[in-house]
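Dropping the sequence and predicted coords here.
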Amino acid sequence: MILSIAYPEIDPIIFEIGPLAVRWYALAYIVGLLLGWRYMRYLAARDPAGPDGQAVDDFLVWATVGVVLGGRLGYILFYQPGVYLANPEQILFLWRGGMSFHGGALGVIAATYFFARRRRLPILRLGDLVVCAVTIGLFFGRIANFVNGELYGRPSDVSWAMAFPTGGPATRHPSQLYEAALEGLVLFLVLFALVRFTRARERPGFLIGVFFAGYGLARIAVEFFREPDTHLGFLVAGATMGQLLSLPMVAGGLALAVWARRRRM
């Protein structure tokens with residue numbers, strides 16, 4: 001008999017007031033953005049050469065728009081373009097889930113670029129702040145995926161496997177928690193250590209490179225335990241969409257980190 005941990009079924013709706021429903025998924029985005037904003041202010045106060053606290057405050061709105069628009073459009077384009085072309089009204093149904101990290105990353109990159117240009121800020125220094133904060137949002141986002149019982153792992157008989165409500169009777173890897181640990185907590189600690197104990201901040205762009213390479217590697221690794229999207233399955237050489245989208249991140253991140261490390265200041 002296979003032992004497993006019972007999945008702690010949590011209502012995805014925290015509370016309802018009339019037609020308004022407050023969901024854990026939305027709360028995760030709000031908490032991630034607010035804590036990321038405070039962390040960026042903390043880092044900005046310790047780097048006189050970078051953006052100041054007021055710039056960080058103003059950037060919060062830009063980052064929010066970039067995350068939401070980029071994440072939603074990325075999911076539509078990368079994962080289910082046919083469904084949304086046939087049902088365009090569903091594009092606005094954010095409460096049903098359907099956000100892509102890779103799309104959100106592109107949205108935040110665009111927001112960072114245009115905000116830095118508008119304010120005449122050093123874009124790489126701003127980007128270094130942003131990626132340090134993004135890990136916080138990733139952590140809470142993956143916890144929300146776990147609460148929703150979505151993006152679960154492949155069938156497994158490990159002792160910590162769980163049977164998810166929409167995953168059939170098979171026990172599965174809680175891959176959302178793996179991602180929360182690697183993409184969120186571990187990557188946060190790596191970037192924090194680089195900021196605190198090295199001179200990484202003196203090499204603008206280095207932290208950006210480490211983040212993209214680190215996230216890409218973490219995502220590629222966890223995808224071996226995560227159930228592929230049903231409508232996509234396995235793609236080129238047995239890789240998943242998440243792995244294919246992460247490969248350019250690893251290559252680009254490593255190249256940027258090396259360039260920033262060697263760049264003359």
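Yep, it's here. Numbers count the residues shown, from 1 in each chain.

Am I right that residue 213 falls within a helix?
Yes - counting by DSSP: H, G, I helix; E, B strand; the rest coil, residue 213 is located in a helix.

Name the SS class of the closest residue to it other than its chain neighbours, please.
Distance criterion Cβ to Cβ, 6 or more residues apart in numbering; nearest residue to residue 213, sequence neighbours excluded, is residue 253 at 3.2 Å. Any C-beta I mention is one placed from the backbone N, CA and C, and that applies to glycine too. Three-state assignment for residue 253 (three-state DSSP): helix.

Next up, the contacts around residue 253.
By Cβ atoms under 8 Å, 6 or more residues apart in numbering, the residues touching residue 253 are 208-216.

Residue 178 now?
153, 222, 225-226.

The stretch 151-265 of the chain: helices as residue ranges?
Shown for the stretch 151-265 of the chain, the helices assigned by DSSP state H, counting those that start in this stretch span residues 175-179, 187-197, 206-222, 241-262.

Identify each buried residue in the longest one, please.
Think helix 241-262. In terms of neighbour count (16 or more other Cβ atoms under 10 Å), helix 241-262 has its buried residues at 241-246, 249-250, 253-254, 256-257, 260.

circling back: state the pair within the contacts of residue 178 that is farthest apart.
Among the contacts of residue 178, the pair separated by the greatest distance (Cβ to Cβ) is 153 and 222, at 8.5 Å.

which neighbours do the two share?
With Cβ under 8 Å, 6+ apart, residue 153 and residue 222 have common neighbours 175, 178.

what ranges do the strands span in the stretch 1-150 of the chain?
13-17, 20-23 (DSSP state E, counting those that start in this stretch).

now, of those, which is deepest in the fold?
Mean neighbours per residue, mean count of other Cβ atoms under 10 Å, is largest over those for strand 20-23, with a mean of 13.

Check which helices and strands that one is in contact with.
In this structure, strand 20-23 makes packing contacts with strand 13-17, judged by 3 or more Cβ pairs under 8 Å, 6 or more residues apart in numbering; DSSP states H and E.

outside of the strand it packs on, which residues touch it?
By Cβ under 8 Å, 6+ apart, strand 13-17 touches 21-24, 27.

of these, closest to residue 43?
residue 27 (24.3 Å).

low pLDDT regions in the protein?
1-4, 78-79, 82-84, 87-98, 264-265 (pLDDT under 70).

now do 50
Applying pLDDT under 50 to the chain flags residues 1-2.

Go ahead and flag the most central residue of it.
residue 138 (4.0 Å; Cα atoms, centre = their mean).

Please name the residues that touch that one.
Residues in contact with residue 138 (Cβ under 8 Å, 6+ apart) are 32, 101, 179-180, 183-184, 187, 215.

Filter those residues down to just the buried residues.
32, 101, 179-180, 183-184, 187, 215.

Mind putting these into CSV with distance to residue 71?
Shown next, in CSV, are the buried ones among the contacts of residue 138 (distance: Cβ to Cβ, whole Å):
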residue, distance to residue 71
32, 12
101, 7
179, 15
180, 17
183, 14
184, 16
187, 18
215, 14
